[in-house]
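Student: Sequence first, predicted coordinates after that:
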Amino acid sequence: MKVVLLTESMIQPPFIEGMLNDLVQIPDLQILACILHTPTPTPLLQKLRHHWNKGHKSYIPVLISQTLYRKIQNRLFPGKKTYFHLENWLKRNKVPVLRTDDLQSPFLFEKLKMLNAEAALLAGYHLIIKKAFIEAFPKGVLSYHYGDLRKYRGQPAGFWELFYGEKEFTVTVQKIRTGIDNGIPVAEQRFEIGPYTTLHALDKIVEQTSYTLMSVAVKRIMSPDYKDEIPEKYGKLYTLPNLWQWIIFQAKMTLRKLRGKFIGKL
């Protein structure tokens with residue numbers, strides 16, 4: 001099967017490296033190109049205005065505090081994070097890059113038509129994809145969704161499962177359809193949420209173990225017996241927490257940490 005990758009940055013987390021290294025082991029899979037879509041970054045002030053106009057006024061303090069926290073953390077611990085340089089991987093594997101600032105560009109669609117790609121795989125791409133791009137690929141566009149589409153859709157990943165005290169978290173590779181998080185599940189992986197599991201711990205577990213799930217999904221759509229199975233019902237579309245929900249969540253995570261530190265050792 002012939003595929004293209006879609007990304008918005010050449011600097012990615014190690015998760016993407018694991019996903020790609022696993023993909024290239026699949027027989028008869030050809031990665032023809034990587035589309036690098038680089039739209040203009042949205043300034044913080046514009047983001048704040050957007051949330052204000054959308055009625056997310058109570059989320060604005062959360063957004064500001066998270067932005068300040070990340071800046072302080074990056075300054076205090078500059079060497080703590082590790083990154084994967086996608087461009088180097090593409091060069092080693094002889095995968096050309098198609099750069100564009102417009103995913104609906106006629107020039108890009110002409111290139112895709114020439115490549116005759118059957119599917120697109122998202123590799124660190126988090127923007128909304130429109131119908132014309134989806135329909136350019138006979139076998140669809142595959143992307144990760146962190147949550148069970150039948151119960152938890154939207155964002156932030158893992159937040160609402162922990163907020164409501166769920167015992168399980170699901171990672172899904174979906175075939176994207178128009179709309180927000182209403183794709184077709186192709187492959188799923190479930191994780192236990194223990195009594196001491198925090199959002200940071202959950203993120204770490206997912207990153208270390210679910211990078212192989214894209215390969216599982218690709219193999220399934222490559223099979224001549226594969227058929228889409230659309231869920232009978234989709235879950236609630238969650239959005240960003242308001243200020244009180246965020247405060248309650250932080251309190252719950254602090255309590256989980258304390259339990260893990262003291263009770264977990266008994």
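Tutor: Sure, I can see it.
Student: And the helices in the stretch 1-150 of the chain?
Tutor: Applying DSSP state H, counting those that start in this stretch to the stretch 1-150 of the chain gives helices spanning 14-23, 44-53, 60-76, 86-92, 106-115, 131-134.
Student: Touching the last one from outside, list them.
Tutor: Contacts of helix 131-134 from elsewhere in the structure, counted by C-beta atoms under 8 Å, 6 or more residues apart in numbering, are Leu103, Gln104, Phe109, Ala120, Gly140, Val141, Ile176, Arg177, Thr178. Any C-beta I mention is one placed from the backbone N, CA and C, and that applies to glycine too.
Student: Looking at neighbours, which among the residues you listed is most surrounded?
Tutor: Compared across those, Ala120 has the highest neighbour count, 25 neighbours, by other C-beta atoms under 10 Å.
Student: these two touch, right, that one and Pro138?
Tutor: No. In this structure, Ala120 is not within contact of Pro138 by C-beta atoms under 8 Å, at 10.8 Å.
Student: ok so, going back, now, which of the contacts of helix 131-134 sits nearest Thr38?
Tutor: Proximity of these to Thr38 (C-beta to C-beta) peaks at Leu103, which lies at 10.4 Å.
Student: Got the phi and psi for that closest one?
Tutor: phi -70, psi -10 (degrees, to the nearest 10).
Student: Grab the nearest non-local neighbour of it.
Tutor: What sits nearest to Leu103 in space, not counting adjacent residues and going by C-beta to C-beta, 6 or more residues apart in numbering, is His37, at 5.2 Å.
Student: What is the burial count for that neighbour?
Tutor: By other C-beta under 10 Å, neighbour count at His37 equals 20.
Student: in terms of contact, does it touch Asp101 like I think?
Tutor: Yes. Counting by C-beta under 8 Å, His37 touches Asp101, with 7.3 Å between them.
Student: what about the most centrally placed residue in the chain, distance to Phe133?
Tutor: The chain has Tyr144 as the residue nearest its centroid, 5.0 Å off, counting by C-alpha atoms, centre = their mean. Distance of Tyr144 to Phe133, given as C-beta to C-beta, to the nearest Å: 17 Å.
Student: Kindly report the same for Glu207.
Tutor: Where Phe133 is concerned, Glu207 sits at a distance of 27 Å (C-beta to C-beta).
Student: more crowded one of the two?
Tutor: Higher neighbour count among Glu207 and Phe133: Phe133, with 19 against 13, using other C-beta under 10 Å.
Student: still on that earlier bit, who touches the residue nearest to the centre of the chain in this structure?
Tutor: Leu122, Val171, Thr172, Val173, Gln174, Ser210, Leu213, Met214.
Student: and which of these is nearest to Met253?
Tutor: Taking C-beta to C-beta as the measure, Met253 lies nearest Val171 of these, at 20.1 Å.
Student: Sweet, I'm off.
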